[in-house]
Every structure is written in C-alpha cells, then in structure tokens.
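Engineer: build me a model from this:
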Amino acid sequence: MVGVDFGTLSGRAVVVRVSDGAEVGSAVHAYTHGVMETALPTGERLGPDWALQSPQDWIDVLRIAVPAALADAGVAPSSVIGLGTDFTACTVLPATSSGTPLCVETPRVPHAWPKLWKHHAAQPHADRINALASSRGESWLARYGGKISSEWEFAKALQVLEEAPEVYGRAARWIEAADWIVWQLTGVESRNTCTAGYKGIFQDGTYPSPDFLAALNPAFADFTTKLLPSEGETLSGGETPFEGEVSAGGEVSSSGERGLDPLGGSPRVVSLAPLGGLAGRLTAEAAAWTTLPEGIAICTGNVDAHVTAAAADAVRPGQMVAIMGTSTCHVMPSDRLAEVPGMCGVVKDGIVPGLWGYEAGQSAVGDIFAWYVSTLGVNAHEELTALAERQKVGEHGLVALDWFGGNRSVLVDHNLSGVIVGQTLATKPEDVYRALIESTAYGARMIVETFEKAGVPVEEFVVAGGLLKNRFLMQVYADVLRRPLSVIGSDQGPALGSAIHAAVAAGAYPDIQRAAAAMGKRTEAAYLPDEARADAYDRLYTQYQILHDTFGDGRMLHTLRAIRNEAAA
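Structural biologist: Predicted coordinates:
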C-alpha cells in the first residue's frame, strides 16, 4: 500500500507492507509555495491572520514524493494494490463543477486560493454563526462544544461571500482538500464522513438549514449546495464506491433513492463516503503522475489526525491520540455520546465506523516553539532543551498561556493570543522556552479534564507526530498530565494511517479495527510521570487555570488584536 500525508509545509509518501504495516520506503516533498501568509505568488498582499496554499503543491507531491518513495522501497509499482491519502483540515477551496480550483482562473484574487486550516481571518464570521445558532437553539451546536471554529467550512465560506461575492458566485464547489485530491486521483467526486462531520457541520443526516444560513446573509442560503458532489458514478467493474445519499433538503438517506438536484431540480444521488471505503480507482492520468498501476483502489479522503488513530492501533473507546506537530489534534473513539464544552466535534463514525469520534485540539504547539526560537535568530531547539531540562519544576518562575495561534479547545476563539507571566530582568531564553513547552502541556491537561468532567473517560493518552523526538517535552507532558504516555511506533503516523485505510478499501482487511491491529504500532506507557514533579506541576497548573479564566473572556486580548489590525490596515 501507499499512504500519502498532505501536511502544512510538505507532503510525504510511505510504502507499507500489507501483512504487518512495515514501512519499506518513504519520501518527502516540501511545498514550493509553502504557506502563503503575507502575499500571493503574484504579489498581492494578504490581511492579518490569512493562511493560503497552492493546489499545485499537492499535485507535485503525487508527482515527486510517490515515485521517490517507491524507489526508496525498491518495490515494483505493480505490487501496489491501493493508495490512501490524508489532509490537514479544514483546508478548503473554491472550485468549478469540474474540480478546477478558482485560483487557476484568477491567480491574483486572494479568496480564490485554498484556505489552509490555520487561516483565522474568518473569526468575526464564526462569531456571528455562533451567536445566531445559540439564539435560535440550533440542535447541532452542542455537538461542537457550543461553538464552531473560524477554521471550518462555514465561517471561511461566509468570509468569501461577504468579502469577494464574485468568487463565491463562481464557486460551484466548496470542497475540502481531502476530497479534492481524491477527485483528482479517481475522477470521481465524493465527500467523506470525517470532514463533513467535523468541519462541515453535518450531523444526524443534515447540514444547517437554508433558513439558518439566510439569516446570516440572504445570499448564503444555498451554501450547502456547494458542499454536494455531482451525480454518483458507477466504478469500473460495476462497483459502487459507497452507499447513502444527501437529498435536496440536505438529509441523508440510506434507501438508495435519488434526491432532487438543489441547483437544477433533476434527480441525482449524492453520497457521503465512509472511512476506509473505496472512493474510486486510479485514473490513467493520475497513474502517470504517481507511476502506480491504473485501476488500483483509492481510499476515501480523510483527515491527518483521524487516520493516525489507526496507525497507533488506538481505535478502541477511551484511547485519546494527540497528534503533536505544528498544532495538536486530539482524537478519541468512544461508545458514548456526550456534550463536551469546547470540543471540535463529536461525529458518529467519525474515526472508525460504529463508534462516536471526538476531536479537540490546540491551534499552535510546535509553531510556538519555532516562533520563539526564530525570535532569537538561531535554530537552538536542542541547546534550549538541554538548558531547560536542567531546571527544577517552577525554577523559572513563569507560567504561560498557549494561545499564540488562538485557542481551538476549549474556548474556540482564534482572536485570543499568548501570554507569559512572571518575567524579570533575570529571565533567560531557556526559562521562556521551558515555560512555553509547559503551557502546551497545561492546555492538553485542560482538554483531558474537560472530557472527563463531561463523562467521556480518557483511558489511554497516546502521542504521535513530530514532537515525539523531544524526549524532554514528552516527560513534561507525562508529569503535567499525571498519567503514562503511550507513543506511536512510526515517524509517519498519518501516512501509515492512510495506508491502513487503503488496505481496507482494497479488501485486504474487512474493517479498520482489524487492519489497525495488524498494521498499527504503539508502545504502551513509554513515559511515566514522576510523582514529585507532578505535585509541583499541580501548583503551576492552578496558576494556568487562573490565567485561562482571567484572559479567556477576550476583553483585553481582543482589544489588542483589533488595535493591531487597525494599525496594519
């Protein structure tokens, strides 16, 4: 199998043995355009809190990383039976009905480009959506902890409508990159259960009503029609990629009957694809890009964090996986439904079919450490870690809030910002560095405690992602959380997870749980908490909670953000 992980700064491909999940080859391709935060490639300036990507970079991963991974593995392309992909989310783009990104047609228009997950300029639009949903008592709001995020599909689309209505009008599709890349690989348009549920406010078989959307903006009433794929297709060999449909009213039916096309009134089937499902077969064009055989199985699209649960063989109730990189995403299957304040969502079948899938997260983690080191003008992560590690808990006299990229959970407010308290003229760089590491661990503890207070137990805390390489950071998390940390047995968790899902789509395993058991890798209790340090961290965590509640109302931090934006305009 081949798994392809489309990340924030690069895409990576891994070649995986189906029988046991052994990773036999891999390759990484850094995006040429990276993250566009200040200007377009054509020079047009971007506003505060923007973050865009180029779809050409994603295609280049297929052209470059996949053949390179095959070469690294030394296996013949003909031996590959399937390919799976995962993406950051919500990374979403406007496109034509044939799938052409609008930025191809109008490259000088900022809103025509894909909005990366950390595009936070739609926070005012998210605030309006939340206020209206709360005032109307919309039933879906509780499934998202009481607030939807500015990172998600609806807020970003409302921003496009109100700031670039001509782009909104031309966009026949508003599609997650996770689904768009599968469309390019198969020629079959689809929408996966995961992004539809977590990022598209799809709950209990329906999207928010046109009446609700019209109350936000009359021109927004038809927005959900842009989320629906074109008429379902039959794959080669008579296969159908998935079952179920979304009708003109936005409701899913499993009856197989056709609904009315909301745009034209003609019958059509619109399906949401289950995770691990067969989305289609590799087209001749995509086979030429990847050097893989035409016709191999292509798995349903998915989110990087959610596929990683399978890579860690953590697909049972109560196993929380924290995928720690530039940000952290916390995902956990559960056999119970509860309303968890500030969660990113709870979705039936959202991680593995048959269970409720919960998601929470921190908008910046690795990005915080990278930012701080960059302010010193050197790449000194190892040196700062070594110096920080020598300190006793609390020796630096600092406590920080981990909101440098806003707060995803549990406050769901991306206009919040970082805070460091306790600095003096004696404060050293390593003091701040350690305090920032600790702040992200406090944020993770806040999330875990919020879940457990809501009646959703966290039985095991599993860590994946690039930050696993920092053993000191892992020990801090074990001490702050007061619980053992298990760790994934792969450096390429999302890509491995995508390959595991693809093995199910290709028929090598009957379901994700059995594929994960055979191909996933996890070391239990790799880091154990030290009782004395944990006691000391309890005192600091109490101060973090006070800061969290003091600044979490946003009065000061929102004002500072507004002053900054006015000055930058």
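Engineer: where along the stretch 101-250 of the chain do the helices fall?
Structural biologist: With helices called from DSSP state H, counting those that start in this stretch, the stretch 101-250 of the chain shows them at 102-105, 123-136, 153-163, 165-170, 177-186, 193-198, 210-216.
Engineer: list the buried residues in the second one.
Structural biologist: Going back to what we said before, that points to helix 123-136. 123, 125-130, 132-133 (16 or more other Cβ atoms under 10 Å). For glycine as for every other residue, the C-beta is placed from the backbone atoms N, C-alpha and C.
Engineer: residue 103: neighbour count?
Structural biologist: 25 (other Cβ atoms under 10 Å).
Engineer: start the count at 29, not 1, going forward
Structural biologist: Yes, from this point I'll number from 29; that puts the last item at residue 131.
Engineer: correct me, but it touches residue 139?
Structural biologist: No - checked against Cβ atoms under 8 Å, the pair residue 131 and residue 139 is beyond contact range at 9.2 Å.
Engineer: ok, the residue nearest the centre of the chain - contacts?
Structural biologist: When Cα atoms, centre = their mean is applied to the chain, the residue found nearest the centroid is residue 117 (3.6 Å). By Cβ atoms under 8 Å, 6 or more residues apart in numbering, the contact set of residue 117 is 145, 204-206, 222-223, 226-227, 331-332.
Engineer: apply 7 Å and report the result again.
Structural biologist: Taking Cβ atoms under 7 Å, 6 or more residues apart in numbering as the criterion, residue 117 is in contact with 145, 204, 206, 223, 227, 331.
Engineer: the fourth one is in contact with residue 205, isn't it?
Structural biologist: No - counting by Cβ atoms under 7 Å, residue 223 does not reach residue 205; the two are 9.1 Å apart.
Engineer: of the two, who's got more company?
Structural biologist: Between residue 223 and residue 205, counting by other Cβ under 10 Å, residue 223 is the more crowded of the two (30 against 26).
Engineer: in stretch 366-377, what's buried?
Structural biologist: 368-377.
Engineer: ends of it, what's the gap?
Structural biologist: 15 Å (Cα to Cα, to the nearest Å).
Engineer: next one: stretch 310-324
Structural biologist: 5 Å.
Engineer: what stretches of the stretch 129-278 of the chain score poorly on pLDDT?
Structural biologist: Filtered on pLDDT under 70, the stretch 129-278 of the chain yields the residue ranges 258-278.
Engineer: ok, now with 90
Structural biologist: 256-278 (pLDDT under 90).
Engineer: and what of the chain?
Structural biologist: Ranges of the chain meeting pLDDT under 90: 256-300, 405-407, 596-597.
Engineer: so which residues of the stretch 479-597 of the chain form strands?
Structural biologist: 488-492, 513-516, 550-555 (DSSP state E, counting those that start in this stretch).
Engineer: okay, those strands, which one's buried deepest?
Structural biologist: strand 488-492 (a mean of 25; mean count of other Cβ atoms under 10 Å).
Engineer: what packs against it?
Structural biologist: Strand 488-492 sits against strand 347-352, strand 513-516, with contacts defined as 3 or more Cβ pairs under 7 Å, 6 or more residues apart in numbering; DSSP states H and E.
Engineer: again, 10 Å this time
Structural biologist: helix 332-339, strand 347-352, strand 356-362, helix 457-481, helix 499-509, strand 513-516, helix 521-533, strand 550-555 (3 or more Cβ pairs under 10 Å, 6 or more residues apart in numbering; DSSP states H and E).
Engineer: most packed of the helices of the stretch 129-278 of the chain?
Structural biologist: Greatest burial across these, using mean count of other Cβ under 10 Å, falls to helix 221-226, with a mean of 27.
Engineer: ok now that helix, how far from the chain's centre?
Structural biologist: Mean-position distance between helix 221-226 and its chain equals 11 Å (Cα atoms, centre = their mean, to the nearest Å).
Engineer: tell me if I'm right that residue 479 and residue 364 touch.
Structural biologist: No - using Cβ atoms under 10 Å, residue 479 is not in contact with residue 364, being 11.1 Å away.
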